[in-house]
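Visitor: no sequence on this one, just coordinates:
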């Protein structure tokens, strides 16, 4: 079978790694002929390392993108794939209306979001990344759907796979330090809260424990986080928080960690390295990954939402417990790795995806069903665009009022 993978822009991120590793595994383990179509970015290097044939896509300015649709249609005419695997809703919009409806090429969409993306067509074969979202999709009448967990290459991500010493030496991490590592995009949405809270926790606990927190990643929140890190380092009188920047291969950071704090695929890769993990999310969520919480995280994903508390006691308490019970770190790490081996190993996830791909080709929806589904998706899309535009306008009005109030106060 010939598969065209249509992924998002190849910036450094967990979804991009998932797409690339699954594509290479479908080729290597199941004999698929794979071509990779995406907007170029730093992760093109991983595509090339995996030996995948790469077709560059235009950088979309908005969705749907006429330029990207034209490029996709040209690529489909040249490559004649049996199936297109599309990652995430914004690629799905381009592919559904540009290829699936007019050219009748079988298609599946892979969505790793923590909630159902309503804009996705309901009758298009779709994979979800957690049992909780899969159950919600089925309850909402979506068919066919499948569970494709975030894959982890458990051979490349394993204890002893990478020497941690160069990383520790580069950042001056002493043998007695308790090293916390987070690998994440430094975005304000989704990631920014937990990154700030972890820095605050180091501020609170750094007087009592030799904590070193290393943040690996880059993004729009970096300048703010660096200012916050500098304040903590000055307060503690030592380098306690370091922003290491973006690493195409973050495995040395995982290998160097005593504790990994993160969500999603980042948490899973830390677990594959046999590390104790604190799972974070939004609205103050934090929890240790333990035998007691494992089933919860399998069902809802390596992520959670708290109770909108501004208090940071949960995360501070989790880190404190690990510091005070450092003898428990090896056992927690060993359990974490076994959990990943059992559920998230790349080979296991790929086998499930390969079967779903074959079903999508043999059981393609009829054109009338696809058209009705496309009309529903278009209606949802335009309704939500109006809602977002209205919300942006309200934010602009509030900002203008605040600026005018400040100006008026300063004048009077």
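Guide: Ah, there it is. In this text, all values refer to a predicted model and were calculated from it rather than measured experimentally.
Visitor: for the record, mean pLDDT for the host helix or strand of residue 235?
Guide: Here residue 235, judged by DSSP states H and E, is contained in helix 222-236. Averaging the model's pLDDT scores along helix 222-236 yields 98.
Visitor: list the buried ones in it?
Guide: Along helix 222-236, these residues count as buried under the neighbour rule (16 or more other C-beta atoms under 10 Å): 222, 225, 228-229, 232-233. C-beta coordinates here come from the backbone N, C-alpha and C atoms, glycine included.
Visitor: Describe which strands the helix or strand that comes right after that helix pairs with in its sheet and in which direction.
Guide: Tracing the chain C-terminally past helix 222-236 and defining elements by DSSP H and E, one meets strand 241-245 next. Using DSSP bridges, strand 241-245 pairs in its sheet with strand 211-216 (parallel).
Visitor: Between helix 222-236 and the partner strand, find me the angle.
Guide: Taking axes from the mean of the first three to the mean of the last three C-alpha atoms, to 10 degrees, one finds that strand 211-216 is oriented at 170 degrees with respect to helix 222-236.
Visitor: Now strand 211-216: average pLDDT?
Guide: Here the mean pLDDT over strand 211-216 is 98, rounded to a whole number.
Visitor: Now do that strand: distance to the chain's middle.
Guide: With C-alpha atoms, centre = their mean, to the nearest Å as the basis, strand 211-216 stands 20 Å off its chain's centre.
Visitor: Quick one: end-to-end distance for stretch 48-61.
Guide: End-to-end distance for stretch 48-61, by C-alpha to C-alpha, to the nearest Å: 26 Å.
Visitor: quick one: buried residues of it?
Guide: Buried residues in stretch 48-61, defined by neighbour count with 16+ other C-beta under 10 Å: 50, 52, 54-55, 57, 60.
Visitor: Now do it: distance to the chain's middle.
Guide: For stretch 48-61, the gap between its own C-alpha mean and the chain's C-alpha mean amounts to 19 Å (C-alpha atoms, centre = their mean).
Visitor: So what touches it?
Guide: Defining contact as C-beta atoms under 8 Å, 6 or more residues apart in numbering, one finds that stretch 48-61 is touched by 6, 9, 20-21, 23-24, 27, 34-40, 44, 47, 65, 67-68, 71-72, 75, 79, 90, 94.
Visitor: so who does residue 121 touch?
Guide: Taking C-beta under 8 Å, 6+ apart as the definition of contact, the neighbours of residue 121 are 92, 96, 109, 370, 373-374, 376-377.
Visitor: swap in residue 257?
Guide: Applying C-beta under 8 Å, 6+ apart to residue 257 gives the contacts 179-181, 214, 270, 273, 275.
Visitor: Repeat that for residue 195.
Guide: Counted by C-beta under 8 Å, 6+ apart, residue 195 has contacts 182, 184, 186, 215, 221, 225.
Visitor: mind checking pLDDT for it?
Guide: The model reports residue 195 with a pLDDT of 97.
Visitor: relative orientation of the one helix or strand it maps to and helix 222-236 in degrees?
Guide: Following DSSP H and E, one finds residue 195 within helix 192-205. With the same axes, to 10 degrees defining the directions, helix 192-205 sits at 10 degrees from helix 222-236.
Visitor: How about helix 192-205, which residues are buried there?
Guide: Of the residues in helix 192-205, those buried under the neighbour-count criterion (16+ other C-beta under 10 Å) are 192-199, 201-205.
Visitor: Out of those residues, name the two that are farthest from one another.
Guide: The two members of the buried residues of helix 192-205 with the most space between them (C-beta to C-beta) are 192 and 205, at 20.7 Å.
Visitor: Fine by me, we can end here.
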